[in-house]
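# how would this look folded up:
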Amino acid sequence: MTLYEADLDAIAVPVKSVEERAEERKRKLKDAKEPKVPKEKKTRDPKEPSEKKPRSKKQKVEPVEEVVAPTEETIEKDLTEALETPAVETAEPVKAKKLRAPRQKKDPTIPPQWFAKYVEGVKAEQATLKPEKVGKKKIKAEAKETASKSWNNGLTRNRVQNEVDSHMSRMYCNNVF
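Sure thing, here's the model as predicted:
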């Protein structure tokens, strides 16, 4: 025998036939069905509280009545009762669909809300830098007025719109969502 040569006769295991494997399976099933040796009962420490399982209550069993095949008389009575009683139609309430309010067309002279908030933030920052104190209501009123005047100026409106459009196109062209 050489270094890489193996003795197959010594290593080989004979293959069992299908019948032999079936008999083994049957034997294993019989062994599994036989009762096993009962396990030893565990002793508990008296210090540890015992865990009691709730007992199931016994239920009363009612006797079953025999079912009698319906006769022609009972069938006729049931049919006449069914025909005499008026059929009650239950109509399901129909839910009214909520109508959406039509979108308002944007007025180009009114500044967008984000622009007004931006101007308001700038005005608030300027007010903090001044030595005089200015009230918040006054700042809001001035910011609203300034935003309206600035937006009505065509140059500002066009510059802002061009900036927003270029930003959107860059976002969508580069597929950055």
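
# average pLDDT for the helix or strand harbouring Ala82?
Assignment of secondary structure by DSSP states H and E places Ala82 within helix 72-84. For helix 72-84, the mean per-residue pLDDT is 77.

# helix or strand right after it?
Following helix 72-84 in sequence, per DSSP H and E, is helix 113-129.

# Any buried residues in the following helix or strand past that following helix, and which?
Heading C-terminal from helix 113-129, the first helix or strand you meet, by DSSP H and E, is helix 136-152. Applying a neighbour-count criterion of 16 or more other Cβ atoms under 10 Å, one finds 139, 142-143, 146-147, 150-151 buried in helix 136-152. For every residue, glycine as well, the C-beta is placed using N, CA and C.

# Adding pLDDT as columns, could you present those residues in CSV?
Formatted as CSV, the entries for the buried residues of helix 136-152 read as follows, by pLDDT from 0 to 100:
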residue, pLDDT
Ile139, 93
Glu142, 94
Ala143, 94
Thr146, 93
Ala147, 92
Ser150, 91
Trp151, 89
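
# isn't Phe115 right up against Ala147?
Yes - counting by Cβ atoms under 8 Å, Phe115 sits close enough to Ala147 to count as a contact (6.0 Å).

# Farthest-apart pair in the buried residues of helix 136-152, please.
The most widely separated members of these, counting by Cβ to Cβ, are Ile139 and Trp151 (18.0 Å).

# buried stuff in the helix or strand containing Leu155?
Taking DSSP H and E as the criterion, the element that holds Leu155 is helix 154-173. For helix 154-173, the neighbour count (16+ other Cβ under 10 Å) marks 157, 160 as buried.

# contacting residues around that helix?
Around helix 154-173, the neighbours that count as contacts under Cβ atoms under 8 Å, 6 or more residues apart in numbering are 108, 115, 150-151, 177.

# One more pass at 6 Å, please.
Outside helix 154-173, the residues that touch it by Cβ atoms under 6 Å, 6 or more residues apart in numbering are 150-151.

# what's the distance between that helix and the middle of its chain?
Taking the mean of its C-alpha atoms, helix 154-173 sits 39 Å from the chain's own mean (Cα atoms, centre = their mean, to the nearest Å).

# so how far is stretch 167-177 off the chain centroid?
Remark: stretch 167-177 is offset 31 Å from the chain centroid, using Cα atoms, centre = their mean.

# pLDDT weak spots in the protein?
Counting by pLDDT under 70, the ranges of the chain that qualify are 1-4, 34-54, 56-58, 61, 63-68, 85-91, 176-177.

# With just CA atoms, put stretch 166-177 into PDB.
Backbone C-alpha positions of stretch 166-177 (Å, rounded to 0.1, in the frame of the first residue of the first chain) are rendered in PDB as follows:
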ATOM      1  CA  SER A 166     -31.500  75.200 -10.000                       C
ATOM      2  CA  HIS A 167     -31.400  73.400  -6.600                       C
ATOM      3  CA  MET A 168     -34.300  71.100  -7.600                       C
ATOM      4  CA  SER A 169     -32.800  70.300 -11.000                       C
ATOM      5  CA  ARG A 170     -29.400  69.500  -9.400                       C
ATOM      6  CA  MET A 171     -31.200  67.200  -6.900                       C
ATOM      7  CA  TYR A 172     -33.100  65.300  -9.500                       C
ATOM      8  CA  CYS A 173     -30.400  65.200 -12.100                       C
ATOM      9  CA  ASN A 174     -27.900  63.700  -9.600                       C
ATOM     10  CA  ASN A 175     -30.600  61.300  -8.200                       C
ATOM     11  CA  VAL A 176     -30.200  62.500  -4.700                       C
ATOM     12  CA  PHE A 177     -33.500  62.200  -3.000                       C
END
